[in-house]
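A.B. asks: Could you look at this predicted model? Sequence included:
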Amino acid sequence: MLKSTAPHLRFKEARERADISVADLSYESGVSSDCIRDIEAHEDELASCYSPKQLQRIAQILRIRPFEFFADTVSSSPVSADQLVQLIHAECRSRNLSLEQFEDVVGWKLNGFMDPPERLFETTTVDGLQWLCQELRLDWRDVLLSLQLRFFCPAFPGSSSLCSMCSLRLSFPLPHPCPSSPIRG
């Protein structure tokens, strides 16, 4: 559990706890060192500049769950990309709105970014996800919760080697990210 409450402080705390330098995190994540320093200096940087997919990758490297940049726990169930797209269409029907009209309400372009549904996680910032989930009456952190299920592998607890189910491939030595994870996916 991270001690800080602000996302930028939680990010820095997670990086330091993982004993990963800014340069190493930059190399592994593809995010420049300057941008990582910006994330650590500005409270809104993570949400306003990065997609859920980017957060997923950084969280994987730091060995935390993506929602942990924003909160210690999430009390609901995960909402997958497929479920999110289904909820968008259902909301449009319930409000008698076209997708374009719903985009105006949300303030984010959705059309063209929902096929396949995972594209939403690549093309929308966390801010965009927050606005979308507000209109859908969802806790946006539940969407981040669905991302973590893909990266915290339950295989080989206590192992220091990567299992075949895990996509984590780092060039510098880190322990396997899931030995202490209670996640089973």
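C.D. replies: Sure, I can see it.
A.B. asks: Run through the residues that contact residue 49.
C.D. replies: 35, 38, 39, 125 (C-beta atoms under 8 Å, 6 or more residues apart in numbering). All C-beta atoms are positioned from the backbone trio N, CA, C, and that covers glycine.
A.B. asks: which residues make contact with the helix or strand where residue 37 lies from outside it?
C.D. replies: Following DSSP states H and E, one finds residue 37 within helix 33-41. The contact list for helix 33-41 (C-beta under 8 Å, 6+ apart) reads 8-9, 11-12, 15, 22-23, 25-26, 29, 31, 45-46, 49-50.
A.B. asks: and the next element down the chain from that helix?
C.D. replies: helix 45-49.
A.B. asks: how about that next one: buried residues?
C.D. replies: The neighbour-count check on helix 45-49 (16 or more other C-beta atoms under 10 Å) flags 45, 46, 47, 49 as buried.
A.B. asks: relative to helix 33-41, how tilted is the following helix or strand past that helix?
C.D. replies: Using DSSP H and E, the next helix or strand after helix 45-49 towards the C-terminus is helix 52-62. Put simply, helix 52-62 runs at 90 degrees to helix 33-41, going by axes from the mean of the first three to the mean of the last three C-alpha atoms, to 10 degrees.
A.B. asks: CA-only coordinates of stretch 67-79 in PDB, if you can.
C.D. replies: Coordinates of each C-alpha in stretch 67-79 appear next as PDB, following Å, rounded to 0.1, in the frame of the first residue of the first chain:
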ATOM      1  CA  PHE A  67      -5.500   1.800 -10.100                       C
ATOM      2  CA  GLU A  68      -3.000   2.100  -7.300                       C
ATOM      3  CA  PHE A  69      -1.700   5.300  -8.900                       C
ATOM      4  CA  PHE A  70      -5.000   6.800  -7.700                       C
ATOM      5  CA  ALA A  71      -6.300   4.700  -4.800                       C
ATOM      6  CA  ASP A  72      -5.400   1.900  -2.500                       C
ATOM      7  CA  THR A  73      -8.500  -0.200  -3.200                       C
ATOM      8  CA  VAL A  74     -11.400  -0.400  -5.600                       C
ATOM      9  CA  SER A  75     -14.600  -1.700  -4.100                       C
ATOM     10  CA  SER A  76     -16.500  -2.800  -7.300                       C
ATOM     11  CA  SER A  77     -16.000  -5.300 -10.000                       C
ATOM     12  CA  PRO A  78     -13.700  -4.900 -13.000                       C
ATOM     13  CA  VAL A  79     -15.200  -3.400 -16.200                       C
END
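A.B. asks: No more questions from me, cheers.
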